[in-house]
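Enquirer: could you look at this predicted model? Sequence included:
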Amino acid sequence: MAFESLTTKLQNVFKNLRSKGRLTEADVKEAMKEVKRALLEADVNFRVVKSFVKTVTDRAVGQDVLNGLNPGQMVIKIVKEEMEALMGSETTELNFRPGNEVTVFLMAGLQGAGKTTTCAKIAGQQKKKGKNPLLVACDVYRPAAIKQLEVNGEKQGVPVFSMGDKQDPVDIAKASVEYARQKGNNIVILDTAGRLHVDESMMEELARIKEAVDVADTILVVDAMTGQDAVNVAKSFEEKVGIDGVILTKLDGDTRGGAALSIRAVTGKPILYVGMGEKLSDLQQFYPDRMTSRILGMGDVFTLIEKAEQAVNEEDARKLEQKIRRAEYGYDDFLEQMQQVKQMGGLSDLISMIPGLGSQMKNVTIDEGAMGKIEAIIYSMTPEERANPNLLNPSRKKRIARGAGVDMSEVNKMCKQFEQSRKMMKQMSSMMGGKGKGRRRGGMNLGGFKLPF
């Protein structure tokens, strides 16, 4: 996960601050030296780091902070506030044209940044919101670019407008807008050509498209794993073409994350979305406050809840709760909840969003592949065994182990996990008092934060 190293280093700084009853100016400046080093190692722009550290230090050495009841906590609060400000403070939405006017989004970026996939991700999100998007294949240079867009468009249930690879992208863009008006599409997403690096011909082509078509937002897609190069690319596009916002892809990868902390300050343009995986659903709106909380190891409660709500509908959650109350929770329910965890992005990602738990488990290896083994064991049971776990005697377990291709100990381990899950969920159900108070969809309780299994 992005920022893991930065999070660990900042948490160590905060731990030292909290351990001191009183803080001196020297203590604060020493802590800020560590923060500065951590940010630079995370590939945050040097000028941005310098300005950030100065602002935090100036605020933190004030008498109100140093003489306060909990100066260490006050310094941490200042770091959080300034980091949010660095990334824009407020969430920026896409700019839609009023009424039934066609809204055109021009997507730009270098090759390999994930631009074509991101076009389909945005189209899918907007379709879920009741919009009627149209994807447009304006990349006539990269082999298979048109086919890739068509495949992704089909997966999202979104039409793709193409005129082949022999036409001028400007003509394609103009024709697509007219086509959208005729067909009732109210969003047009132009997937333009990328290059291996920033060059004049690419910039000129984008400028010609913007002259020919009424573009609502020019959105730059950059690869977060390229660090400062991503910031430099964004700066070049802003200077030569003009951009309205940025989408950072591959933020789930092994990246230091410096681009997320630098782009707004360097370009003055907001981050609109972040790509958190390869699936077409793995695109999250960018919330500076939530991202700051994750970077500082404070979790991300709201995104966790949203993921749960997307994975499970209210009716399914209600039925599951009734089963738990009647002690009818079986292996099929257990399996269903594991699959919901997969839809939510995986256990490691979910744990990182839970306040306090992510830091406690940072050295614990989460075996995501273990879910596949559990699925194999459950699928090796008969329908009766899945519905009534009490039927599983040693001879049945031996047969299940053979069917799943695992050792008998693995079956016993899974059965123990299931019993622990069932017991915990029954306790949680009793705590909610039968009225659903504090309950959220997907078996997620704001008071106890139980995971879906």
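Expert: Structure received.
Enquirer: just the helices in the stretch 101-250 of the chain please.
Expert: Secondary structure of the stretch 101-250 of the chain, counting by DSSP state H, counting those that start in this stretch: helices at 115-128, 145-156, 169-183, 200-212, 228-240.
Enquirer: tell me which of the ones you listed sits nearest to residue 36.
Expert: Taking Cβ to Cβ as the measure, the helices of the stretch 101-250 of the chain were each checked against residue 36, and helix 228-240 came out nearest at 16.0 Å. All C-beta atoms are positioned from the backbone trio N, CA, C, and that covers glycine.
Enquirer: what angle do the closest one and helix 200-212 make?
Expert: Using axes from the mean of the first three to the mean of the last three Cα atoms, to 10 degrees, one finds that helix 228-240 and helix 200-212 are set 50 degrees apart in direction.
Enquirer: and the nearest residue to residue 258 once chain neighbours are set aside, how many neighbours?
Expert: Computed as Cβ to Cβ, 6 or more residues apart in numbering, the closest residue to residue 258 that is not its neighbour in sequence is residue 43, at 3.2 Å. Residues lying near residue 43 (other Cβ atoms under 10 Å) number 23.
Enquirer: same question, residue 403
Expert: Residue 403 is flanked by 14 other residues according to other Cβ under 10 Å.
Enquirer: give me the residue ranges of the chain where confidence is low.
Expert: The chain contains residues with pLDDT under 70 at 1-2, 63, 65-66, 68-69, 253-256, 298-328, 340-370, 424-453.
Enquirer: list the buried ones in stretch 383-399?
Expert: Burial within stretch 383-399, assessed by neighbour count using 16 or more other Cβ atoms under 10 Å, is assigned to 385-386, 389, 392, 397.
Enquirer: how about those in TSV, adding distance to residue 292?
Expert: Formatted as TSV, the buried residues of stretch 383-399 follow (distance: Cβ to Cβ, whole Å):
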residue	distance to residue 292
385	47
386	43
389	43
392	47
397	48
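Enquirer: quick revisit: and the residue nearest to residue 258, which of the three is it?
Expert: On the three-state scheme (DSSP: H, G, I helix; E, B strand; the rest coil), residue 43 is labelled coil.
Enquirer: strands of the chain, start to end?
Expert: Listed in chain order, the strands of the chain (DSSP state E) span 103-109, 133-137, 160-161, 187-191, 217-223, 245-249, 271-275, 283-285, 439-440, 444-445.
Enquirer: what would the ones you listed look like in CSV with mean neighbour count?
Expert: Listed next are the strands of the chain as CSV, based on neighbours: other Cβ atoms under 10 Å:
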stretch, mean neighbour count
strand 103-109, 25
strand 133-137, 28
strand 160-161, 23
strand 187-191, 28
strand 217-223, 25
strand 245-249, 27
strand 271-275, 24
strand 283-285, 20
strand 439-440, 18
strand 444-445, 20
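Enquirer: so which of those strands comes closest to residue 19?
Expert: Using Cβ to Cβ as the criterion, the shortest distance between residue 19 and the strands of the chain is 32.2 Å, found for strand 444-445.
Enquirer: re the thing from before, for the buried residues of stretch 383-399, which one is nearest residue 160?
Expert: Taking Cβ to Cβ as the measure, residue 386 is the one of these closest to residue 160, at 41.9 Å.
Enquirer: residues near the closest residue to that closest one other than its chain neighbours, how many?
Expert: Distance criterion Cβ to Cβ, 6+ apart; nearest residue to residue 386, sequence neighbours excluded, is residue 331 at 4.1 Å. Residue 331 is flanked by 22 other residues according to other Cβ under 10 Å.
Enquirer: residue 331 reaches residue 382, doesn't it?
Expert: No: in this structure residue 331 lies outside contact range of residue 382 using Cβ atoms under 8 Å: 10.5 Å.
Enquirer: pipe the strands of the chain into CSV and attach distance to residue 10 per row.
Expert: Listed next are those as CSV, based on distance: least, Cβ to Cβ, whole Å:
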stretch, distance to residue 10
strand 103-109, 30
strand 133-137, 39
strand 160-161, 44
strand 187-191, 37
strand 217-223, 24
strand 245-249, 20
strand 271-275, 19
strand 283-285, 22
strand 439-440, 29
strand 444-445, 27
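Enquirer: out of the ones you listed, flag the one nearest residue 76.
Expert: Smallest distance to residue 76 across these (Cβ to Cβ): 23.4 Å, for strand 271-275.
Enquirer: what does the closest one contact?
Expert: With contacts defined as Cβ atoms under 8 Å, 6 or more residues apart in numbering, strand 271-275 is touched by 87-88, 92-94, 114, 117-118, 121-122, 219, 224, 245-252, 260, 263-264, 282-286, 291.
Enquirer: same check on stretch 412-423?
Expert: The set of residues that contact stretch 412-423 without belonging to it, under Cβ under 8 Å, 6+ apart, is 324, 329, 331, 334, 373-374, 377-378, 389, 392, 397, 453.
Enquirer: out of the residues you listed, flag the one nearest to residue 206.
Expert: When those are compared against residue 206 (criterion: Cβ to Cβ), the nearest one is residue 453, at 47.5 Å.
Enquirer: if I read this right, residue 134 contacts residue 153, doesn't it?
Expert: No: using Cβ under 8 Å, residue 134 is not in contact with residue 153; the gap is 9.0 Å.
Enquirer: about what we covered before: so which of the contacts of stretch 412-423 is the closest to residue 234?
Expert: Comparing those against residue 234 with Cβ to Cβ picks out residue 453 as the nearest, at 40.5 Å.
Enquirer: returning to that earlier point: of the helices of the stretch 101-250 of the chain, which is nearest residue 277?
Expert: Relative to residue 277, the nearest member of the helices of the stretch 101-250 of the chain by Cβ to Cβ is helix 115-128, separated by 10.0 Å.
Enquirer: quick one: the closest one to strand 217-223, angle?
Expert: In terms of direction (the same axes, to 10 degrees), helix 115-128 departs from strand 217-223 by 130 degrees.
Enquirer: packing partners for helix 115-128?
Expert: The elements that helix 115-128 packs onto, with contact taken as 3 or more Cβ pairs under 8 Å, 6 or more residues apart in numbering; DSSP states H and E, are strand 103-109, strand 133-137, helix 145-156, strand 187-191, strand 245-249, strand 271-275, strand 283-285.
Enquirer: just checking, what packs against the first one?
Expert: Based on contacts counted as 3+ Cβ pairs under 8 Å, 6+ apart, the elements that strand 103-109 packs against are helix 115-128, strand 187-191, helix 200-212, strand 217-223.
Enquirer: neighbouring strands for the shortest one, and are they parallel or not?
Expert: So the one you mean is strand 187-191. Each strand that pairs with strand 187-191, with its direction, by DSSP bridges: strand 103-109 (parallel), strand 133-137 (parallel).
Enquirer: may I have the last one as PDB, with CA atoms only?
Expert: Written as PDB, here are the backbone C-alpha positions of strand 133-137 (Å, rounded to 0.1, in the frame of the first residue of the first chain):
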ATOM      1  CA  PRO A 133     -21.900   8.400 -20.800                       C
ATOM      2  CA  LEU A 134     -20.200   7.900 -24.200                       C
ATOM      3  CA  LEU A 135     -16.600   6.700 -24.500                       C
ATOM      4  CA  VAL A 136     -14.700   8.100 -27.500                       C
ATOM      5  CA  ALA A 137     -11.600   6.500 -29.000                       C
END
